[in-house]
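Asker: let me see the structure of the following:
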Amino acid sequence: MGAADFVVVVLGLALIGWELWYFLLPPRHSPSATKEAVQEIHVLVKGGYDPATIPVEAGRPVRLHFYRDETAECSERLVFESLGLEKSLPAYETTTIEFTPTAPGDYPFRCGKSVMHGRVVAQVGRDAARVNLGRGHGKHG
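Answerer: A predicted model of the protein is given here:
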């Protein structure tokens, strides 16, 4: 085996090693950037909440944008009892709620008359946040 053959073999092994490292090892993210990224979800309020179940990653801030696309009396208040939050939802406007679910679990919400129900489900791990990609109703500003 000549010098050229030796160089080709070494470069081939190096490329194989790099491909295995790049594609098979878990991605390295800075912990502060991953933990602090806000999870934004748009929720349509019209005869109910869409989506009614919102999976998020526990420990990361959540920003919910509720767009009330109706004038029904039932949907004018939003209540998160477990968080001590209660907000008025003006008709045809977006109202934003922000909180950080510190522990995994359910964070239920309801309308003021307790007719419409939804929940935020805080889960451990990044897959919870990925579920929300492309979810909600972005056209409602």
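Asker: and the one helix or strand Val121 maps to, which strands flank it?
Answerer: Using DSSP states H and E, the element containing Val121 is strand 117-123. Paired neighbours of strand 117-123 in the sheet (DSSP bridges): strand 53-57 (parallel), strand 105-111 (antiparallel).
Asker: for the last one, give me every contacting residue.
Answerer: For strand 105-111, the external contacting residues (C-beta atoms under 8 Å, 6 or more residues apart in numbering) are 49, 58, 74-83, 99, 101, 116-122. For the C-beta atoms, the positions are set from N, CA and C on the backbone; glycine is no exception.
Asker: sorry, back to before: among the strands paired with strand 117-123, which is nearest Glu93?
Answerer: Across the strands paired with strand 117-123, Glu93 has its closest neighbour in strand 105-111 (15.9 Å, C-beta to C-beta).
Asker: show me what counts as buried in the closest one.
Answerer: Across strand 105-111, burial judged by 16 or more other C-beta atoms under 10 Å covers Tyr107, Phe109, Arg110, Cys111.
Asker: just flag the most distant two among these.
Answerer: Tyr107 and Cys111 (15.6 Å).
Asker: does Ile97 touch Leu78 like I think?
Answerer: Yes: with contact defined as C-beta atoms under 8 Å, Ile97 reaches Leu78; the gap is 7.1 Å.
Asker: comparing these two, which shows the higher neighbour count?
Answerer: Taking neighbours as other C-beta atoms under 10 Å, Ile97 and Leu78 compare with Leu78 leading, 24 against 18.
Asker: tell me what the more buried one is bridged to.
Answerer: Bridge pairing for Leu78 - DSSP bridges - gives Lys87, Cys111.
Asker: ok, now which ones touch it?
Answerer: 45, 66, 85-89, 95, 97, 109-112 are the contacts of Leu78 under C-beta under 8 Å, 6+ apart.
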